[in-house]
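*Asks:* structure for this input, please:
(2 chains)
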Amino acid sequence: MPGIDECLMEAMALPGARGASLVDWTSGLALGTAGDSPVGDHETTAAETAELARSAAEFDSFTSAGDPDAGGAGAEDGPPVEDLIVTTRAGYHVLRFVETSFDSSVFLHLWLDRDSGNLALARLRLRDLAERLVLG
Amino acid sequence: MSAVATPVSPMLVRLAAEKATGALLRDHGTLYLVDGRVVHAESPAAPGLDVLLTTGGRLPREGWDEAVDRAGAHRAVGRFLVDSGRLHDGELEICHLGAVFDAAFFALSPTSGPTRFRYGVGHWFGTVRPVSAEAVERETVRRRELLDAVWPYDSVDTAPVVPRPAAPGQTMGARQRALLAAADGVLTPADLARLLGRPAFHTLLDVRRLAAAGLVETPLDPEPVPPPPPPALLPVLPVADPDIALLRRLRDALEAHL
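*Replies:* Next up, the predicted model:
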């Protein structure tokens, strides 16, 4: 039954992990951080990743789940958008949405080294962590 | 990283430095400190944890009330919610941190009123995840700047939210749709936050974003009408009802001198 810090520590234990944080995408607030930030400042990274997450979470093209009739309204099982992956020359960024049963807008952000990181493993582990963070 | 140039509250900076424990009372809310770190915050402008947790159905109201009854006296309601299996650690931390930064934003809003500190006073909710006073100040400043960067008209913050028709093809996110659906032209952003069980700042920010997109009315500031500049010469007073009889007598008197 991990809290935010345990969750981020587990994320940092993944191969190639350089930084991890839990961020609110409406406000851009970092609720918790571990490791490094690509720009040396976790708060800046939180605000920037939050803008990216917000776009994905709000645009109908991503949230309508391929069903033109759903119109992005369905939020019954799982977040409409599960994760985002940004590949850069030197690394990967995985943003995993966390679903809570009270109103919130948070995601886990993991920054991985491109050479030593394992993107597939990181995605699976983040999905697991995002669930355990709120379901225990 | 960057230090706060002008502290939001000089007293908070001082209390953090002396690692004080107690309650910082301001016009728009209260911050609770333990050893100089912020452990809780409350503001009448921001929905409390009870609203955030019960509105969406995460906790039944009775579950919350029972936790307050049983653990409030020991200042351990948060702990009790987790230990009794009502909430998970992560949920409690996410919800509580969100509520603390939310209430702190309003509690630290500019005020001319008095700021007092009551040493030793704690909050019944108890400590969950203390935050440095500096982080709270920095976030509060960042939030003010963010609001103004989105749409620099603070009149939308307190006015009733009045939706405007979307332009053809204009879309919005699900959260904003829910906000607009609840906006009846009477409720203010703070009312909507309480109704939807969302942090008040998040609602303000969404209202500003919607206003910037033209989907919510931006009321004109009720600025006082500026007084007319003092006239350089005596003004000609408008005469509503000229005294015709007096004018005739004047004319007659003048003609008599011709």
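*Asks:* surely A:Val106 meets A:Leu22?
*Replies:* Yes - between A:Val106 and A:Leu22 there is a contact under Cβ atoms under 8 Å: 6.0 Å. Placement of C-beta: from N, CA and C, glycine included.
*Asks:* so which of these two has more stuff around it?
*Replies:* More crowded of A:Val106 and A:Leu22, by other Cβ atoms under 10 Å in any protein chain shown: A:Leu22, with 29 against 26.
*Asks:* on that earlier part again, joint contacts of A:Val106 and A:Leu22?
*Replies:* Common contacts of A:Val106 and A:Leu22 (Cβ atoms under 8 Å, 6 or more residues apart in numbering or on different chains): A:Leu31, A:Val98, B:Ile94.
*Asks:* can you pick the most crowded of those residues?
*Replies:* B:Ile94 (25 neighbours).
*Asks:* and that residue, which of the three is it?
*Replies:* Following DSSP: H, G, I helix; E, B strand; the rest coil, B:Ile94 is assigned to helix.
*Asks:* residues near A:Arg114, how many?
*Replies:* Neighbour tally, A:Arg114, other Cβ under 10 Å: 13.
*Asks:* can you give me the strands for chain A?
*Replies:* Taking DSSP state E, the strands of chain A run over residues A:17-24, A:30-35, A:83-87, A:91-98, A:106-113.
*Asks:* can you put those in JSON lines and add mean pLDDT and distance to B:Leu15?
*Replies:* Output for these, formatted as JSON lines (pLDDT from 0 to 100; distance: least, Cβ to Cβ, whole Å):
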{"stretch": "strand A:17-24", "mean pLDDT": "98", "distance to B:Leu15": "26"}
{"stretch": "strand A:30-35", "mean pLDDT": "98", "distance to B:Leu15": "23"}
{"stretch": "strand A:83-87", "mean pLDDT": "98", "distance to B:Leu15": "40"}
{"stretch": "strand A:91-98", "mean pLDDT": "98", "distance to B:Leu15": "33"}
{"stretch": "strand A:106-113", "mean pLDDT": "98", "distance to B:Leu15": "29"}
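*Asks:* now the ones you listed as JSON lines including distance to B:Ala181?
*Replies:* Listed next are the strands of chain A as JSON lines, based on distance: least, Cβ to Cβ, whole Å:
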{"stretch": "strand A:17-24", "distance to B:Ala181": "22"}
{"stretch": "strand A:30-35", "distance to B:Ala181": "28"}
{"stretch": "strand A:83-87", "distance to B:Ala181": "27"}
{"stretch": "strand A:91-98", "distance to B:Ala181": "22"}
{"stretch": "strand A:106-113", "distance to B:Ala181": "23"}
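*Asks:* which among the ones you listed is found nearest to chain B?
*Replies:* Closest to chain B of these is strand A:30-35 (Cβ to the nearest Cβ; 5.0 Å).
*Asks:* can you list the strands that the closest one pairs with?
*Replies:* Paired neighbours of strand A:30-35 in the sheet (DSSP bridges): strand A:17-24 (antiparallel).
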